[in-house]
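Visitor: requesting a structural model of the entry that follows:
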Amino acid sequence: MYLDDRRLALTEAMDTQGLWPADSPWVRRAILETVPRHMFAPERLWTWDGEAYVSVDRAVDPDRWADLVYAGPYDSAITQILDGLPSSSLSCVSVVADMLDSLILEPSHRVLEVGAGAGWNADLLAARAGGGLVTTVEVDGTLTTAARERLDASGLDVAVHTGDGNTGWPTGAAFDRVIATYAVDEVPWAWIEQTRPGGRLVVPWGRLGHIALTVADDGKSATGWVQGLGVFMPSRGTDQGREHHAIRGDDPALVREVPVQQDLRPLADTDLLFALRVSHPDIRITTTDTEQCFTVRLHDGVSSWASATVDHTGTTTAREGGPRRLLVEAEAGRQHWDERGAPSLWDFGMTVTPTGQYLWAGGAEAGSYTASLPSVTSERQT
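Guide: Below is the predicted model of the structure:
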């Protein structure tokens, strides 16, 4: 009963906020009736206690465990921790629903999923496409085994393999649909090659949103638009801590106080953040806004960082360290965005070819959005 109550509460929240996709009513039925989320949640979940990720075991605290499984529409459930950081999760229901809607999945479609995780998304795909038509690939053998057991128990026929998701599953090609459950900065060409002409791929890009691509009739490219927001874990082996830990200089003498003339609050704007992710893909930006102050933190995950605070009087104080001047680079990116008409998230799209990818705003014919915006190096080298 404790699970039914929470499923009902989550359903009502999705209904109230209008988060179920109107064009894909099957998604709501599958999530609520066919493939219960808790059937794919491991007995141990994880949550942040303010200092570290701590375990929540179903046998010890079933109510708290259920709260994590059926949290709000925008809350994921962390299912694995490696080196102190999340490495796998049950994605939040709103994003799962949005991505399945973007996939435009029909019965009888052959589907490749890269990143099986707990197996829940693969079962949702099979509930729509049909048994024997979904292949899912997971790099972590432990997760593969557990996902296979859950999928077998569900009664839907899903092929589960251990392998590098970035290489797809060539022996099963060509697929009608491909969907990734982890973020990539570069869409692997293997995914395009393994999708039939006219087929569709839905891929989390840049840890900020997902893009839907359609393969050209000649199979030599794929193009499409940004479909929605959502923070995704990166592919295994990528630095998974850059969102959590800013770089700091150990030597106070190497920390620079820097003047800031521009208003920093626009850096909290979702559209600008996405544009900066395109123009400056290696810079991570986080903001915090309270009654007392607005704070922005930037870092490149290597050796450069910056932190600035705007207090209630409007006074800005900023410090930085490392060879790059990240606040200056962010301002250059903001100006680049503003000069191009401040395109929204929904104005962006991507084209992928065998030689690479480029992102554009306003249509593929507009050409790459990225201009020549080099890193800005401090005069004070260390």
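Visitor: ranges for the helices of the stretch 1-150 of the chain?
Guide: 2-16, 25-29, 62-69, 93-103, 120-129, 141-154 (DSSP state H, counting those that start in this stretch).
Visitor: give me whichever of those is most buried.
Guide: Among the helices of the stretch 1-150 of the chain, ranked by average contacts under mean count of other CB atoms under 10 Å, first place goes to helix 120-129 (a mean of 25). Yep, even glycine has a C-beta here, placed from its N, CA and C like the rest.
Visitor: pLDDT of that helix, averaged?
Guide: Mean per-residue pLDDT for helix 120-129: 98.
Visitor: packing partners of that helix?
Guide: Counting contacts by 3 or more CB pairs under 8 Å, 6 or more residues apart in numbering; DSSP states H and E, helix 120-129 packs against helix 25-29, helix 93-103, strand 111-114, strand 134-138, helix 141-154, strand 158-162, strand 175-180.
Visitor: direction included, what does the fourth one pair against?
Guide: If I follow you right, that is strand 134-138. Paired strands of strand 134-138, with direction, are strand 111-114 (parallel), strand 158-162 (parallel) (DSSP bridges).
Visitor: picking that back up, closest to residue 304 out of the helices of the stretch 1-150 of the chain?
Guide: Closest of those to residue 304 is helix 93-103, at 30.7 Å (criterion: CB to CB).
Visitor: picking that back up, just name the most buried of the strands paired with strand 134-138.
Guide: Taking mean count of other CB under 10 Å, strand 111-114 is the most buried of the strands paired with strand 134-138, at a mean of 27.
Visitor: ok now that one, how far from the chain's centre?
Guide: Remark: strand 111-114 is offset 17 Å from the chain centroid, using CA atoms, centre = their mean, to the nearest Å.
Visitor: what residues does it touch?
Guide: 105, 121-122, 125, 129, 133-137, 165-166, 168-169, 172-173, 175-182, 191, 194-195 (CB atoms under 8 Å, 6 or more residues apart in numbering).
Visitor: mean confidence for stretch 284-302?
Guide: Across stretch 284-302, the average pLDDT comes to 92.
Visitor: mind putting the helices and strands packed on helix 120-129 into JSON lines with mean pLDDT?
Guide: Formatted as JSON lines, the helices and strands packed on helix 120-129 follow (pLDDT from 0 to 100):
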{"stretch": "helix 25-29", "mean pLDDT": "96"}
{"stretch": "helix 93-103", "mean pLDDT": "96"}
{"stretch": "strand 111-114", "mean pLDDT": "98"}
{"stretch": "strand 134-138", "mean pLDDT": "98"}
{"stretch": "helix 141-154", "mean pLDDT": "96"}
{"stretch": "strand 158-162", "mean pLDDT": "98"}
{"stretch": "strand 175-180", "mean pLDDT": "98"}
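Visitor: quick one, which of these gets closest to residue 337.
Guide: Among the helices and strands packed on helix 120-129, the nearest to residue 337 by CB to CB is helix 93-103 (24.4 Å).
Visitor: give me the angle between that closest one and strand 175-180.
Guide: Following axes from the mean of the first three to the mean of the last three CA atoms, to 10 degrees, one obtains 150 degrees for the angle between helix 93-103 and strand 175-180.
Visitor: which neighbouring elements make contact with helix 93-103?
Guide: Judged by 3+ CB pairs under 8 Å, 6+ apart, the packing partners of helix 93-103 are helix 2-16, helix 25-29, helix 120-129, strand 175-180, strand 195-205, strand 209-215, strand 222-229.
Visitor: right, and residue 121 touches residue 92 too?
Guide: No: applying CB atoms under 8 Å as the test, residue 121 and residue 92 come out as separate, 11.8 Å apart.
Visitor: correct me if wrong: residue 272 contacts residue 337.
Guide: Yes: the criterion here is CB under 8 Å, and residue 272 meets it with residue 337 at 5.9 Å.
Visitor: still on that earlier bit, which among the contacts of strand 111-114 count as buried?
Guide: With burial judged by 16 or more other CB atoms under 10 Å, the buried subset of the contacts of strand 111-114 is 105, 121-122, 125, 129, 133-137, 165-166, 168-169, 173, 175-182, 191, 194-195.
Visitor: can you list the weak-confidence ranges in the stretch 201-350 of the chain?
Guide: Across the stretch 201-350 of the chain, the ranges flagged by pLDDT under 70 are 236-253.
Visitor: can you show me the helices along it?
Guide: Using DSSP H, counting those that start in this stretch, helices in the stretch 201-350 of the chain cover 270-279, 326-339.
Visitor: got a markdown table for the ones you listed, with mean neighbour count and distance to residue 47 too?
Guide: Output for the helices of the stretch 201-350 of the chain, formatted as a markdown table (neighbours: other CB atoms under 10 Å; distance: least, CB to CB, whole Å):
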| stretch | mean neighbour count | distance to residue 47 |
| --- | --- | --- |
| helix 270-279 | 21 | 26 |
| helix 326-339 | 20 | 31 |
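Visitor: closest to residue 74 out of those?
Guide: Closest to residue 74 of these is helix 270-279 (CB to CB; 13.7 Å).
Visitor: give the contact list for the closest residue in space to residue 161 that isn't next to it in sequence.
Guide: By the measure of CB to CB, 6 or more residues apart in numbering, the closest residue to residue 161 outside its immediate chain neighbours is residue 137, 5.1 Å from it. Taking CB under 8 Å, 6+ apart, we find residue 137 in contact with 112-116, 161-165, 168-169.
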